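S.K.: compute the structure for the input listed below.
(chains A, B, C and D, ligands or ions: 4)
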Amino acid sequence: MTVTLDPSNTRTLPLDGAYIRNNFPIFRNRSSKNPFTYLDSAATSQTPQQVVDAVETYYNHYNANVHRSIYAAGEEATEAYESARDKVSNFIGADDSHAIVFTRGATEAINLVAYAWGRNNLREGDEILLTEMEHHSNLVPWQLAARQTGAKLKFIPFSEDGTLENSEASFTEKTKIVSVIHQSNVFGTINPVNEIINLAKSVGAVTLIDAAQSVPHLHMDMTSLDCDFLAFSGHKMLGPTGVGVLCGRTELLEQMEPFLAGGEMIRTVSLETSTWNDVPWKFEAGTPNIAQAIGLGAAVDYLSGIGMETIHRHEAALIKYTLERLEGMDEVTVYGNPPERGGVVVFNVEGVHPHDLSQLLDRDGVAIRAGHHCAQPIMEKLGVSATARASFYLYNDFEDVNRLTEAITSSLKFIT
Amino acid sequence: MTVTLDPSNTRTLPLDGAYIRNNFPIFRNRSSKNPFTYLDSAATSQTPQQVVDAVETYYNHYNANVHRSIYAAGEEATEAYESARDKVSNFIGADDSHAIVFTRGATEAINLVAYAWGRNNLREGDEILLTEMEHHSNLVPWQLAARQTGAKLKFIPFSEDGTLENSEASFTEKTKIVSVIHQSNVFGTINPVNEIINLAKSVGAVTLIDAAQSVPHLHMDMTSLDCDFLAFSGHKMLGPTGVGVLCGRTELLEQMEPFLAGGEMIRTVSLETSTWNDVPWKFEAGTPNIAQAIGLGAAVDYLSGIGMETIHRHEAALIKYTLERLEGMDEVTVYGNPPERGGVVVFNVEGVHPHDLSQLLDRDGVAIRAGHHCAQPIMEKLGVSATARASFYLYNDFEDVNRLTEAITSSLKFIT
Amino acid sequence: MDDLRELYQEVILDHNQNPQNFGQIEPATHSGDGYNPLCGDKLSLTLQVQDDKVTDLRFRGSGCAISKASASIMTTVVKGKKVVEVEALFGAFHSLVTTGDTDDGDLGKLAVMAGVYKYPARVKCATLAWHTLKNCLSKKDEVAKTE
Amino acid sequence: MDDLRELYQEVILDHNQNPQNFGQIEPATHSGDGYNPLCGDKLSLTLQVQDDKVTDLRFRGSGCAISKASASIMTTVVKGKKVVEVEALFGAFHSLVTTGDTDDGDLGKLAVMAGVYKYPARVKCATLAWHTLKNCLSKKDEVAKTE
Ligand SMILES: Cc1ncc(COP(=O)(O)O)c(C=O)c1O
Ligand SMILES: Cc1ncc(COP(=O)(O)O)c(C=O)c1O
Ligand code: FES
Ligand code: FES
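M.R.: Ligands and ions are numbered 1, 2, ... in the order given. Below is the predicted model of the structure:
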């Protein structure tokens, strides 16, 4: 496939994709036929060598269990694990009033709150306020919590452009927790979480921000955001799989019952009863995901080195260009048009089922996602069973967008 | 330090430690001053290059999310992740009636059962039967489940030699679940789990085997063991941190409520209600620990290549020699003397606190563990606040034992 | 270069564009719905079965090219066949799309689906209509799912 | 080769073998227990405080060499000091064992604990007695923990 150079290529992007891709061996390794055009970072991001090296260094140089080892390798492991916690804390602008709990991912972080806080604080008649655009991981845990406690679910609706509707009336004295997605993994919408948190506070509700799509792409400042909980995943921000974060207000975490129980989260144990370790360790039962937390620390170093503001501007330029290109194609329908958005777009191509589209684009080395994007209620409201999604990150550039649109054109030719 | 060659060195071991250590770069990397004498595998094992490579290959060659990707990298990732599941299943002799659920570790696997089965099946008056030698991870989750459901905890006691006492009387029609440690992480005892499972079945109780210390060291056969649940961790069996396994009877898992909720574990989701995916995915909410499961698959390949029977014989020879050496030292007290045991021994040295001992042995490159080994009730019963523990694996040899005893001697000299 | 031509054979693309037996039989002796949880696509099947023979069948629903073509081809192949023959065909078809095994001589037109087995994520697309058919015939009233 | 000599100084080993002020004062004006959750070691302290001065103090308990020596040295240093002086000493000692900072001229004999800061896992050993002392003096009745 020859790539037509579009005049827009001469626009400059904040980051040099080719230079950045050099740090990600997968782009070399998968580009023998076609340049690997990875447009699925909202599902999981690629991993720079720096992160892989940090993980490998743990295994090959100081592999040991943490916190209780009185020998050098164990002390190094503890130091690396705890300093990864500090890095993550700094990265999201958390301060002394916050604690960082390592989990397997955003999903576990949200479940932790739905169990340890939800099961012990929600009562019949209470309301859990979500939005209609939640990812399943911030919806189904609350369905279960509601079922078990008798609390009710309420939803802030979204309108056709993919933005939340005004929802002041949804916040009442019955509202006990407000849990909302920061950046939509479907429309890319950056939701007005500051406003929502303020409204929640005005009725005394606890707040959780599902930041799985925002921490990887936006400059975050936990102190000014001032929610009670923030949940996100390492694998979407250049980190390893198998690690995520719950950042919470220490005071609230201290009041909560533990979630998982076992080694490490205890202070004293007798056969009949136990007492708990300090926060955050109280919520880290068992041997932690040591290598993965360390890898996440390296990812955070990498991202900070580039700068989150720059990354956001880079993605904004890419999505702007993508929308221009897609809107120029008669067969393409784009869903949503939020004014404040990240580098994510969902669309459909007339006459081509999104799964076929994804399969056919792969022929040209273009990897997009097709399906419900773990947001079936959004698909339901849009009246489609699935859509195609392209999502961008710091290693993408205008060429990727060109290859996407050209591959769409040739897919259309192929299938019809 | 010069190593005195003991005549016992000429006994042959089933495995050549030096040859095996070649696969574990850490032994090269940490042996500049003294040979790295790692005797803490019961806490976490070292990681062979084969496992590190499998993890790195995922990140650098086919990094993608699993199960819903319709492009080549994603299909490769799904294939690798699911084939890791098959490898683990074969490794422990599970068959079609069993399902393998990937968790973060043994601790999460046990908690999964304590929540998803325990919270929905235990009632006031029911009994949870454990042993007095459980690891905190198989004790504290049941304390919480008991507190929430009104069920009672009962314990099979152990005697001075570190073996379980006869306990037939503990199994009554009130016994609803029996959860016991297979190989003790303190005494090394291999408990008679077949008998215990039979007794549990005779009263209709559900059975869980905490196999965190047995799957890494013993040939397992889930089909003949025939328990309902088996829990273990990857990081203790040459695998990555951040991955563990719950193997369960599919039928029972199907009847259970889900545990963590979110993406991947669902079939259909509307705003108000959801239905669940098939087992095992029903219990794998969110993006799984993909790279770690793949790494565990590589660990299982490595272990199978050597053979679990051989590994067990190797460790049996090492522990026999260790006991001979330790018992020859006046200042050393060994706790427990179970006839059926794995490669673990706890002891104390008169006049040297175990934490000081561990610190001093580290001087000579000898890494042991000091503390309560996540089994405070055992320490309580032994009347000590802590002990030293040495534990062996396939990469250890007689030299390691010699270095241990010599380092103990020189620590005694140093501190007194 | 174009491995995908093996998956998307011309015949498949034709059936996708012009599906056969698309619609609904009313009244039907058998009917049922199928659901592919991987993508959310749905398929409805209505049948006329007389004297243990499938005399007529139609399908409706949304789906990808593979699933639509597979349903369309299935209807043309199954129409007029005995129920026992249909069951045997299901077995042959299932091993075709999961292993690529074309040994079964009776596959006939179904053989165009041979390319599917190389794309595990698409196997459920190819079998959706067949699972639904099987459920209809065994008169189970539940929604069929592709596994 | 022997970095550990910095941690386990002769003076520390001496105090470990022959702890000073080991035992219990009865009756005591102040008393309290300390617990190091990392290892499970416990320490009990009894004090005589008169006119805002610690006139006597003794300790008991199990613990490692570092914790025993630290407790022993602490008792010798604190005996006879004003409560306000003790509080200042705690601050200086804490920064000594966490950062190795020996700038504070008043450390005196405590300076032998300077090696601890290189062994983060042992900091709690060194501070156990001090945390317990602080709790005793602030008359909090709870068990002190080393953080
Ligand atoms: C017997 C036993 N059970 C459970 C565990 C918990 O395993 P993990 O910490 O990997 O969750 C351990 C490991 O420390 C163990 O030795
Ligand atoms: C908005 C949002 N929330 C939560 C999640 C769940 O993250 P994970 O699957 O890593 O647990 C995702 C990722 O798919 C997401 O996009
Ligand atoms: S993608 Fe839905 S059936 Fe093929
Ligand atoms: S090891 Fe317990 S106080 Fe030092």
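S.K.: name the element C:Arg58 belongs to?
M.R.: Using DSSP states H and E, C:Arg58 maps to strand C:53-61.
S.K.: may I have that strand as PDB, with CA atoms only?
M.R.: The C-alpha trace of strand C:53-61 is given here as PDB (Å, rounded to 0.1, in the frame of the first residue of the first chain):
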ATOM      1  CA  LYS C  53     -38.100 -32.600   7.400                       C
ATOM      2  CA  VAL C  54     -37.200 -28.900   7.400                       C
ATOM      3  CA  THR C  55     -39.400 -27.800   4.500                       C
ATOM      4  CA  ASP C  56     -38.800 -24.100   4.900                       C
ATOM      5  CA  LEU C  57     -36.700 -21.700   7.000                       C
ATOM      6  CA  ARG C  58     -36.000 -18.000   7.100                       C
ATOM      7  CA  PHE C  59     -33.700 -15.800   9.100                       C
ATOM      8  CA  ARG C  60     -33.600 -12.100  10.200                       C
ATOM      9  CA  GLY C  61     -31.200 -10.000  12.300                       C
END
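S.K.: what's the helix or strand just after that strand packed up against?
M.R.: Of the helices and strands lying after strand C:53-61 in sequence (DSSP H and E), the nearest is helix C:65-78. Here helix C:65-78 touches helix C:10-17, strand C:41-50, strand C:53-61, helix C:83-99, helix C:123-137, going by 3 or more CB pairs under 8 Å, 6 or more residues apart in numbering or on different chains; DSSP states H and E. (C-beta placed from N, C-alpha, C; glycine too.)
S.K.: which one of the ones you listed lies nearest to ligand 4?
M.R.: For ligand 4, the closest of the helices and strands packed on helix C:65-78 is helix C:123-137, at 57.6 Å, according to CB to the nearest ligand atom.
S.K.: please see if the closest one touches chain B.
M.R.: No: using CB under 8 Å from any CB of the partner chain, helix C:123-137 never reaches chain B; the gap is at least 9.9 Å.
S.K.: wait, does that helix contact chain A?
M.R.: Yes: applying CB under 8 Å from any CB, one finds helix C:123-137 touching chain A at C:Cys125.
S.K.: what mean pLDDT does that helix have?
M.R.: The average pLDDT within helix C:123-137 is 95.
S.K.: and it, what does it pack against?
M.R.: Using 3+ CB pairs under 8 Å, 6+ apart, helix C:123-137 sits against strand C:30-36, strand C:41-50, strand C:53-61, helix C:65-78, helix C:83-99, strand C:144-145.
S.K.: contacts for stretch A:258-275?
M.R.: A:67, A:111-112, A:115-116, A:276-277, A:281-288, B:107-108, B:110-111, B:114, B:132, B:135-141, B:143-144, B:153, B:155, B:374, B:376-377, B:380, D:35, D:37, D:145 (CB atoms under 8 Å, 6 or more residues apart in numbering or on different chains).
S.K.: just give the number of residues close to C:Leu4.
M.R.: Close neighbours of C:Leu4, defined as other CB atoms under 10 Å in any protein chain shown, add up to 19.
S.K.: with A:Ser32 instead?
M.R.: What A:Ser32 shows, counting by other CB under 10 Å, is a neighbour count of 9.
S.K.: could you check how far it is from B:Gly343?
M.R.: Noted for A:Ser32: a distance of 47 Å to B:Gly343, by CB to CB, to the nearest Å.
S.K.: now the helices and strands packed on helix C:123-137 in TSV, with distance to ligand 1?
M.R.: Formatted as TSV, these follow (distance: least, CB to the nearest ligand atom, whole Å):
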stretch	distance to ligand 1
strand C:30-36	36
strand C:41-50	40
strand C:53-61	45
helix C:65-78	42
helix C:83-99	36
strand C:144-145	34
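S.K.: most tightly surrounded among these?
M.R.: The highest mean neighbour count among the helices and strands packed on helix C:123-137, using mean count of other CB atoms under 10 Å in any protein chain shown, belongs to helix C:65-78: a mean of 25.
S.K.: export that helix as PDB, just CAs?
M.R.: Listed next in PDB are the C-alpha coordinates belonging to helix C:65-78 (Å, rounded to 0.1, in the frame of the first residue of the first chain):
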ATOM      1  CA  ALA C  65     -20.800 -10.500   6.600                       C
ATOM      2  CA  ILE C  66     -19.600 -13.800   7.900                       C
ATOM      3  CA  SER C  67     -22.700 -14.400  10.000                       C
ATOM      4  CA  LYS C  68     -25.100 -13.200   7.400                       C
ATOM      5  CA  ALA C  69     -23.500 -15.300   4.700                       C
ATOM      6  CA  SER C  70     -23.300 -18.300   6.900                       C
ATOM      7  CA  ALA C  71     -27.000 -18.000   7.800                       C
ATOM      8  CA  SER C  72     -28.000 -17.500   4.200                       C
ATOM      9  CA  ILE C  73     -26.000 -20.500   2.900                       C
ATOM     10  CA  MET C  74     -27.300 -22.600   5.800                       C
ATOM     11  CA  THR C  75     -30.900 -21.900   4.800                       C
ATOM     12  CA  THR C  76     -30.300 -22.900   1.200                       C
ATOM     13  CA  VAL C  77     -28.500 -26.100   2.300                       C
ATOM     14  CA  VAL C  78     -30.800 -27.100   5.000                       C
END
